[in-house]
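# need a structure here:
(2 chains)
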Amino acid sequence: MDVFLEQLINGLTIGSFYALIALGYSMVYGILKLINFAHGDFFALGSYVGYTVLVFGSAVITTHFGLWGGLMAAMIIAAVCVAFVGIMVERAAYRPIYPAGRLPAVVSALGASIFIQNTIMVIWGPRYQAYPASLIPNIHIQIGGLHITMLQIVILIMSFMLLGILYWIIQKTTFGAAIRATALDKDTASLMGVDFNKVIFFIFTLGPALGAMTGVMVGMYYRQISFTMGWNYGLKAFTATIMGGIGNLPGAMFGGLILGVLEMFGAAYISAAWKDVFVFLILILVLIFRPTGLFGEKVAEKV
Amino acid sequence: MIEETKRIGMERFFGSYQSMFFITLTMFIIYPFVVSDYYIDVAFFFGIYALLGLSLNIVLGEVGLFDLGHAGFYAIGAYTTAILNTKFGVPILILLPLSAAAAALFAYLVCSPIIHLRGDYLCIVTIGMGEIVRIALINNPFNLTGGPNGVYGIDFPSFGGPFVIDSSIEYYFLIWIVVALSIYGLIRLQNSHIGRAWNYIREDEVAAGASGIDVRHYKLLAFVLGAALAGVAGNIYASKLMCVSPESFTFWESCLMFCIVLIGGMGSIPGVLIGAAFISLFPEIFRPFAMYRMLIFGTVMILMMMFRPGGAWPRKRGGIGFASIFAKKDVTDD
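Residues are numbered from 1 along each chain as shown, chains lettered A, B, ... in the order given. Model prediction:
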């Protein structure tokens, strides 16, 4: 039972990372029908920016802002920088290619992904980088037989807060309604007064910013970051997006959480080496029986 | 006067596709005799990517199915060769059709239950399939695949007696003869009712189904044929490198194949060759730039899509790409 709860908490932590990255995927996906391969690299870039802030700004941070201020500063600076990069990538690599259809855009996204990945390598070097140790006091908490660390609790709370805020933005605000409307039907939405360009600007700010904050949290959680890690997380997040149903934002969130939990249970109860096989098998099974994802709506074939 | 005739003669000669074709062919034959082994190997890998591009082109270019797990079929072909050769001593050339058959069978079994998925759902399932194959190879099931280190000590292809393919130049000719035969076969396919059915499905699946085309059957056929060709590529790759390991068959490799088809132009055979040339030769040419070369590579990919979104050599509607080289008449109109 304790193993079960511990794995559940681990799974939810990783799942919330996937969910946060998947949200950025799903927003772009729902609106532009573009598999944004560069999104995983936004996440990696955010992780590196956060690393730089925490390592090189540590003297300033600890004397002026304290620990929590420092963490917040790292996350916010990473978010702002990466949001800026996100908009630049959209302007330079995607916008000129929209009219040509979605497949050329996929190649362009791959090109952008290679570009960002190698920019990171050129700036920070090809080796692994390590986040500073014990940013968060290394306290172990024992509840019954359950054994968790302070770090896990903090990360879990932060990521769920972010997910909550995002859920609120998407479901309750006007901007969220605009995004959902555009994802459903771009032409009708613009007839109803939704500014398409503003929506694109918004999703390419919000998505990368979220990815960057997740990157900082992943850095804190695993302490080790590499310039290629965006690829792996991006793939998992894309899986989560599809599992939840394309363009369905809450679906992407739950897809991410389910994926993380499945992965951890697979690692704990089946085999750590086969956990990804387990995840992908479940994905394939889900899609065989529900061809439009767990929360996807039934789409009639248009003739 | 003589000068004039000469000029017109030259123009005619260089103006027609036929002569272009023969010039290229001659260059291909002379090439390995004038360059060093390193450049012959570069051209060999160009050939491997061309073959992989052609195989994915059947699925992605002709039928329009998003397949981002093609490296899985490639891996099945390579590992079939590696395992049967090292454990049971089966000769490589006999394994060539066997690897193709193994990859085709795998594609048939895996794709049958998922072939009804549409667009991106199919895409993620093929990604998952490719990843499952790769992870399975790493985990060394039944002690067959050698785990992360892979399988070592694969033979050279041998025709019996002294006729063994064991030098760079012989591998160069092997791969390019296979590519040439595949191109010939694929052109014939494009002109057959199968090719037309595929293109119909790509343009409008519902209409194709309504006019009596068995959509499911033809989609599966595309996957099976594509996988078989990828299996052939895997066989040659394995015997050339003499070892196979899972890291040669990553998601990244599938993405490269995807780019080959799209950079060249969907469904266009000459396009695939251009795409394969770009993917395999570009990193070699830009080697002096060291760590900046992949930066340039990414940028060029974006620029190519910006300026030629349909690919470098797009296939004309009703046209058949390379076949126009051989045809006397204009075949572009229907």
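# what's the pLDDT at the residue nearest the centre of chain B?
Nearest to the mean C-alpha position of chain B, counting by Cα atoms, centre = their mean, stands B:Leu52 at 2.2 Å. Per-residue confidence (pLDDT) for B:Leu52: 94.
# same check, this time on A:Tyr29
85.
# pLDDT wise, what is the nearest residue to A:Gly50 once chain neighbours are set aside at?
Closest residue to A:Gly50 apart from its sequence neighbours, by Cβ to Cβ, 6 or more residues apart in numbering or on different chains: A:Val216 at 3.5 Å. Glycine gets a C-beta too; all of them are placed from N, C-alpha and C. As predicted, A:Val216 sits at a pLDDT of 91.
# give me every residue that touches A:Val216.
Taking Cβ atoms under 8 Å, 6 or more residues apart in numbering or on different chains, we find A:Val216 in contact with A:Gly46, A:Ser47, A:Gly50, A:Leu71, A:Ala74, A:Met75, A:Ala78.
# Over to B:Arg287?
B:Arg293.
# Tell me how many other residues crowd the residue in the stretch 101-250 of chain B positioned nearest to chain A.
In the stretch 101-250 of chain B, the residue that lies nearest chain A is B:Gly128 (3.6 Å; Cβ to the nearest Cβ). Neighbours of B:Gly128 under the rule other Cβ atoms under 10 Å in any protein chain shown: 26.
# Can you name the residues that contact residue 235?
Here I'm looking at chain A. Contacts of A:Leu235 by Cβ under 8 Å, 6+ apart are A:Gly40, B:Ile127, B:Glu131, B:Phe251.
# let's do chain B instead
Neighbouring residues of B:Asn235 by Cβ under 8 Å, 6+ apart: B:Gly77, B:Ala78, B:Thr80, B:Thr81, B:Ile92, B:Leu95, B:Leu96, B:Ser99, B:Ala100.
# So which of the residues you listed sit within strands?
Within those, no residue falls in strands by DSSP state E.
# Go through those residues and say which is closest to B:Phe159.
B:Ile92 (10.4 Å; Cβ to Cβ).
# nearest spatial neighbour of the closest one, skipping sequence neighbours?
B:Pro157 (4.1 Å).
# Mind pulling the model confidence for the residue in the stretch 151-300 of chain A that chain B sits nearest to?
Of all residues in the stretch 151-300 of chain A, A:Phe280 sits closest to chain B, at 3.6 Å by Cβ to the nearest Cβ. According to the prediction, A:Phe280 has pLDDT 88.
# Name the residues of whichever strand or helix holds B:Ala238 that are buried.
If you go by DSSP states H and E, B:Ala238 is part of helix B:215-241. Of all the residues in helix B:215-241, those buried under the rule 16 or more other Cβ atoms under 10 Å in any protein chain shown are B:215, B:218-240.
# show me what contacts B:Pro309?
A:Ile97, A:Ala100, A:Gly101, A:Pro104.
# scratch that, A:Phe238
A:Ala22, A:Tyr25, A:Ile35, B:Ile124, B:Ile127.
# burial count for the first one?
A:Ala22 has 36 neighbours, counted by other Cβ under 10 Å.
# Please enumerate the helices of the chain.
Picked chain A for this. A:2-32, A:39-56, A:58-64, A:66-89, A:102-124, A:150-172, A:174-184, A:186-191, A:196-222, A:229-244, A:249-265, A:275-289 (DSSP state H).
# my bad, the chain I had in mind was chain B
B:2-15, B:17-34, B:37-56, B:70-88, B:92-111, B:119-138, B:168-191, B:193-203, B:205-210, B:215-241, B:251-264, B:269-285, B:293-307, B:323-326.
# Is there proximity between the fourth one and chain A?
By that I understand helix B:70-88. No - judged by Cβ under 8 Å from any Cβ of the partner chain, helix B:70-88 makes no contact with chain A; its nearest approach is 11.2 Å.
# list the helices and strands that helix packs on?
helix B:37-56, helix B:92-111, helix B:119-138, strand B:151-152, helix B:215-241, strand B:243-244, helix B:251-264 (3 or more Cβ pairs under 8 Å, 6 or more residues apart in numbering or on different chains; DSSP states H and E).
# Same question for the third one.
Packing partners of helix B:37-56 (3+ Cβ pairs under 8 Å, 6+ apart): helix B:17-34, helix B:70-88, helix B:168-191, helix B:215-241, helix B:251-264, helix B:269-285.
# Pull out the buried positions in it.
B:40-56.
# same check, this time on the fifth one
When neighbours are counted by 16+ other Cβ under 10 Å, the buried residues of helix B:92-111 are found to be B:92-93, B:95-96, B:98-107, B:110-111.
# Can you pull the residues of the stretch 201-303 of chain A lying near chain B?
A:231, A:235, A:238-239, A:242, A:246, A:273-274, A:276-277, A:280-281, A:283-284, A:287-288, A:291-293, A:301, A:303.
# Just the buried subset of these, please.
Restricting those to buried positions leaves A:231, A:235, A:238-239, A:242, A:246, A:274, A:276-277, A:280-281, A:283-284, A:287, A:291-293, with burial counted as 16+ other Cβ under 10 Å.
# just the angle between the helix holding B:Ala238 and helix B:251-264, please?
110 degrees (axes from the mean of the first three to the mean of the last three Cα atoms, to 10 degrees).
# And helix B:215-241, how far out from the chain middle?
Relative to its chain's centre, helix B:215-241 lies at 9 Å (Cα atoms, centre = their mean, to the nearest Å).
# any chance of the helices and strands packed on helix B:37-56 in JSON lines, plus distance to A:Leu110 and mean pLDDT?
Below are the helices and strands packed on helix B:37-56 laid out as JSON lines (distance: least, Cβ to Cβ, whole Å; pLDDT from 0 to 100):
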{"stretch": "helix B:17-34", "distance to A:Leu110": "29", "mean pLDDT": "82"}
{"stretch": "helix B:70-88", "distance to A:Leu110": "15", "mean pLDDT": "92"}
{"stretch": "helix B:168-191", "distance to A:Leu110": "24", "mean pLDDT": "89"}
{"stretch": "helix B:215-241", "distance to A:Leu110": "20", "mean pLDDT": "93"}
{"stretch": "helix B:251-264", "distance to A:Leu110": "6", "mean pLDDT": "89"}
{"stretch": "helix B:269-285", "distance to A:Leu110": "11", "mean pLDDT": "88"}
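# Comparing those helices, which comes out most buried?
helix B:70-88 (a mean of 26; mean count of other Cβ atoms under 10 Å in any protein chain shown).
# would you put the C-alpha positions of that helix in PDB?
The C-alpha coordinates for helix B:70-88 follow below in PDB (Å, rounded to 0.1, in the frame of the first residue of the first chain):
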ATOM      1  CA  HIS B  70       9.400   3.800 -40.000                       C
ATOM      2  CA  ALA B  71      12.800   3.200 -38.200                       C
ATOM      3  CA  GLY B  72      11.000   0.300 -36.500                       C
ATOM      4  CA  PHE B  73      10.600  -1.600 -39.800                       C
ATOM      5  CA  TYR B  74      14.200  -0.700 -40.700                       C
ATOM      6  CA  ALA B  75      15.300  -2.100 -37.300                       C
ATOM      7  CA  ILE B  76      13.300  -5.300 -37.800                       C
ATOM      8  CA  GLY B  77      15.100  -5.800 -41.200                       C
ATOM      9  CA  ALA B  78      18.500  -5.100 -39.800                       C
ATOM     10  CA  TYR B  79      18.000  -7.300 -36.700                       C
ATOM     11  CA  THR B  80      16.600 -10.200 -38.700                       C
ATOM     12  CA  THR B  81      19.700 -10.200 -40.700                       C
ATOM     13  CA  ALA B  82      22.000  -9.800 -37.700                       C
ATOM     14  CA  ILE B  83      20.400 -12.500 -35.600                       C
ATOM     15  CA  LEU B  84      19.900 -15.100 -38.300                       C
ATOM     16  CA  ASN B  85      23.400 -14.500 -39.700                       C
ATOM     17  CA  THR B  86      25.300 -14.600 -36.400                       C
ATOM     18  CA  LYS B  87      23.300 -17.300 -34.600                       C
ATOM     19  CA  PHE B  88      22.400 -19.600 -37.500                       C
END
